[in-house]
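Visitor: got a sequence here, can you build the structure:
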Amino acid sequence: MHPVAFVDDDPDKQGLRLRGLPVVGMRKDIPQLVTTNGIDQVILAMPTAAGDVIREITGTCELLGVETMIVPSIHEIMHGRIRYNQLRKVQIEDLLRRDPVQTDFQAVRARVAGKRVLITGGGGSIGGELCRQLLFCGPSELIILGHGENSIFEISQKLQNMGLKGPKITPLIADVRFPDRIMTLLKQYRPHIIFHTAAHKHVPLMEKNPAEAITNNVLGTRNLLNAALAVDVEQFVMVSTDKAVNPTSVMGASKRTAELLVHQAAKQSGRPYVAVRFGNVLGSRGSVILTFKKQIAMGGPLTITDPKMTRFFMTIPEAVQLVLQASVLGNGGEVFVLDMGEPVKIIDLAKDLIRLSGLEEGTDIEITQIGLRPGEKLYEELFVPGEKYYRTPHQKIFIAGNASSFVPANLDTSIDLLAVAAERNDPVRILHELKRLIPEYQPMIVPAPSPFTGKNKNGHTQISNSVATLPQPSK
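Guide: Numbers count the residues shown, from 1 in each chain. Just a heads-up that it's a prediction; the model follows:
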């Protein structure tokens with residue numbers, strides 16, 4: 001490379017020379033400078049710049065036919081994913097970048113230092129990032145629990161290779177759906193703090209497999225909470241989703257049910273057992289971004305469900321920093337909701353990715369509309385009707401302090417009903433029981449459920465929809 005000049009929007013830097021190179025203008029002057037100086041490449045050396053600034057510069061450079069490279073974001077530099085001097089191409093995450101999260105890591109360290117911390121779903125996108133960030137907070141032991149052995153092996157190796165001395169790293173292969181296994185492990189390792197990220201998250205898949213959503217997201221959470229209460233876990237933080245608000249999907253309804261279980265445990269224990277709710281995470285496994293990238297690699301088309309569909313987005317590091325921050329704010333029974341900025345149109349993401357790939361929509365690649373899939377809605381919401389929310393001392397975290405007041409008196413019975421329906425793989429009954437438990441749940445048309453059958457005391461078949469004659473799930 002042959003560096004030519006700097007541009008900077010700071011008026012006080014105009015005319016200065018840095019390393020022998022002049023500061024010759026501001027962002028608005030880029031088109032003229034590119035033309036007069038024969039510039040081939042523009043480098044964005046602004047690791048904290050907001051996404052709209054990066055979008056403006058890359059758009060200008062695209063019109064000029066100039067390549068754009070970027071210095072990594074402050075998140076990537078801070079967490080050692082990449083060195084500050086490693087240039088790369090602009091990515092979609094850069095275009096959605098917001099001001100860096102101001103995290104009170106001293107408070108997080110004070111809570112975590114010297115403690116045994118368990119992360120469920122530790123091999124996933126959020127769970128793995130939680131492991132990386134928690135490692136810097138000085139826990140005595142980091143217990144990484146997951147069902148997939150390959151993902152747990154990979155995150156364990158990455159953490160070991162970070163070379164931090166002190167914290168013990170303990171990988172565990174287990175499924176939260178098995179209560180005896182979870183109880184045994186918690187009695188053995190006695191964690192002080194649990195971050196619960198293990199969950200099925202794919203909306204269309206859970207619509208087709210509702211029993212899995214119940215056994216994993218609902219019963220798995222109940223198993224973990226029961227074990228946590230039994231061994232006096234000090235703090236429990238469950239990662240939830242904006243899809244739990246006014247859910248239209250089994251996945252969203254199952255996560256809302258899991259939130260209620262956390263609130264119930266908080267009331268029983270009087271401890272900071274809380275839920276943290278946020279939207280889509282850029283770059284997570286199964287995210288729309290990765291789907292679009294694969295479609296671009298195959299030559300298209302990019303498929304969107306509806307041009308009006310919007311979603312809230314966060315980067316993985318940003319979401320995890322806010323989860324950690326929320327963990328030191330809770331007293332018990334609250335829902336914390338992360339401020340994710342303005343919702344983004346999915347079609348705009350598709351167009352941005354096409355442009356960043358050096359292609360032109362309509363010429364090189366197409367965007368096609370396929371319609372809403374089962375369980376999806378056009379936009380997501382953040383608060384359940386009736387939740388009273390306010391900002392916490394942290395500007396990017398809201399709190400619904402009255403969330404535990406929504407726990408129904410018959411929650412345990414409702415969960416037992418769901419457990420039986422899931423055991424019998426009865427999707428109609430599952431939707432019926434979810435609707436009864438969560439009145440704001442609006443599934444697609446649900447046929448009347450078949451009544452449960454059991455044996456009365458005389459051994460004769462008895463048919464009833466009542467709770468009293470419902471056979472209990474097998475142990």
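Visitor: all helices of the stretch 151-300 of the chain, in order?
Guide: For the stretch 151-300 of the chain, applying DSSP state H, counting those that start in this stretch gives helices covering 179-189, 203-208, 210-213, 220-230, 250-269, 288-297.
Visitor: before we move on, what about the stretch 301-450 of the chain?
Guide: So, for the stretch 301-450 of the chain - with DSSP H, counting those that start in this stretch - the helices run 316-327, 346-356, 411-423, 427-437.
Visitor: the longest one vs helix 250-269, what angle?
Guide: Counting by axes from the mean of the first three to the mean of the last three Cα atoms, to 10 degrees, helix 411-423 lies at 140 degrees to helix 250-269.
Visitor: surely I289 touches L353?
Guide: Yes - with contact defined as Cβ atoms under 8 Å, I289 reaches L353; the gap is 7.2 Å. Yep, even glycine has a C-beta here, placed from its N, CA and C like the rest.
Visitor: pLDDT weak spots in the stretch 201-350 of the chain?
Guide: Scanning the stretch 201-350 of the chain for pLDDT under 70 picks out no residues.
Visitor: the spatially most central residue of the chain and S287, how far apart?
Guide: Closest to where the C-alpha atoms of the chain average out (Cα atoms, centre = their mean) is V281, at 5.0 Å. Distance check for V281 against S287: by Cβ to Cβ, to the nearest Å, it reads 7 Å.
Visitor: and P3, that's in a strand?
Guide: No - using DSSP: H, G, I helix; E, B strand; the rest coil, the secondary structure at P3 is coil, not a strand.
Visitor: residue contacts, C131?
Guide: By Cβ atoms under 8 Å, 6 or more residues apart in numbering, the contact set of C131 is 119, 122, 142, 144, 155, 159.
Visitor: now, among the residues you listed, which is nearest to K294?
Guide: Taking Cβ to Cβ as the measure, K294 sits nearest to I155 out of the contacts of C131, at 23.1 Å.
Visitor: OK, contacts around that closest one?
Guide: By Cβ under 8 Å, 6+ apart, the contact set of I155 is 122-123, 127-128, 131, 144, 171.
Visitor: one more time with 7 Å
Guide: Applying Cβ atoms under 7 Å, 6 or more residues apart in numbering, we find I155 in contact with 122-123, 128, 131, 144.
Visitor: leaving aside the residues next to it on the chain, what's closest to it?
Guide: Among residues not flanking I155 along the chain, G128 sits closest, at 4.7 Å (Cβ to Cβ, 6 or more residues apart in numbering).
Visitor: one more: H192?
Guide: H192's closest residue in space is K115 (Cβ to Cβ, 6+ apart), at 4.1 Å.
Visitor: also S249?
Guide: In space, and not counting its chain neighbours, S249 is closest to G375: 3.1 Å by Cβ to Cβ, 6+ apart.
Visitor: if I look at that neighbour, how far off is E259?
Guide: 18 Å.
Visitor: more neighbours: those two, which one.
Guide: E259 (27 against 23; other Cβ atoms under 10 Å).
Visitor: wouldn't that one be in contact with S240 here?
Guide: Yes - E259 is within contact range of S240, at 5.5 Å (criterion: Cβ atoms under 7 Å).
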